[in-house]
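Asker: here's my sequence, what's the structure:
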Amino acid sequence: MARNLILSGGPFHDFDATSAALADVLAEVGIESDVTEDIAGALSEPPEVQLITVNALRWQMDLDRFDGLRARWRFALPAQARTTLLDHLDRGGGLLCMHSASICFDDWQGWPRVLGGCWTWPTSHHPPLGWTGVRVHGDHPIVAGLRDFDLVDEVYSDLDVLPDVQPLASSNGQPLVWARPVRRGRVVYDALGHDTRSYDNEIHRTLLRRAALWLLKRPVTVTD
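Answerer: You can find the predicted model right below:
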C-alpha cells in the first residue's frame, strides 16, 4: 500500500474535516494517509512516503487584515522543509496540492515554480462559496472521459499561473486543476476543496483518485 503524508491546518477552513475526506477518497485506490499540522516537524527529515499532500493554509500573513490571526497562524517554511520537498520530487515522488496550497509558503520564492502558480495579493480573489460549474479539458489520464460537473466550492480567480501550465479543469475561465512533471517527480494542483461538500461530488472524487495514481506513476484505471 502506498503511503501519503497530508500536511494540514490553518485558518478559515475546516482542515480536519477536509483532510479526513481526502484521505478517505485516496484510500479507495489503496493509499494510506497520515495527517499532521506540524508541517515543519514532518518535513524536518525525509518522510517514508510516496506521496505528499498539501491541504493547508500556512503563510506569512503580512497584510494588516490578518493582524488578529498572526500570533497563532503566521508561518515560514524552514529551509530544511523546502529541501525535503525538493528531494522528494528528485526521488520521483508525487506532490498533491489542494485548494489553498497556492497561498501557502509565500516566503519561499521557489514554491510557485514547484506548484505551477500562486495566489498573489491583492490581485487573486474568489467569489463567495457556492455552486459552480467545472469544465473538464483534454485527454490527460486524470480527466480523460470525465464529464463536466457542478459542485459547491470556491473558485480561486486570477491566480498567477506559469505560462507552461495546461489546465485540466476550469470554471468561468479560471484554471482550477493542472498536472506537471517537476524534477523527477510529479505535481498536481487542485484549487477545489474548500469544504467537505467538494469531496462529496463523485466526479471530483474520481478526478482525485486518478490524480493520486498518476502522481504515483501507476496505471490510471479509475472510472466515474
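Asker: for the protein, what helix or strand is lowest in average pLDDT?
Answerer: For the chain, counting by mean pLDDT, DSSP states H and E, helix 67-73 ranks last in confidence among helices and strands (a mean of 73).
Asker: give me the helices and strands touching the very next helix or strand once past that helix, please.
Answerer: On the C-terminal side of helix 67-73, the nearest following helix or strand under DSSP states H and E is helix 79-90. When contacts are defined as 3 or more CB pairs under 8 Å, 6 or more residues apart in numbering; DSSP states H and E, helix 79-90 sits against strand 94-98, helix 111-115, strand 185-190. No exception for glycine: its C-beta is placed from N, CA and C like everyone else's.
Asker: nearest to residue 145, of these?
Answerer: Distances from residue 145 to each of those were compared using CB to CB; the shortest belongs to strand 185-190, at 17.6 Å.
Asker: can I get the next helix or strand after that closest one in PDB? Just the C-alpha atoms.
Answerer: On the C-terminal side of strand 185-190, the nearest following helix or strand under DSSP H and E is helix 196-200. As requested, C-alpha coordinates have been extracted for helix 196-200 and formatted as PDB (Å, rounded to 0.1, in the frame of the first residue of the first chain):
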ATOM      1  CA  THR A 196     -16.300  18.600   2.500                       C
ATOM      2  CA  ARG A 197     -19.100  19.200   0.100                       C
ATOM      3  CA  SER A 198     -16.400  19.400  -2.600                       C
ATOM      4  CA  TYR A 199     -15.400  15.900  -1.800                       C
ATOM      5  CA  ASP A 200     -19.000  14.600  -1.900                       C
END
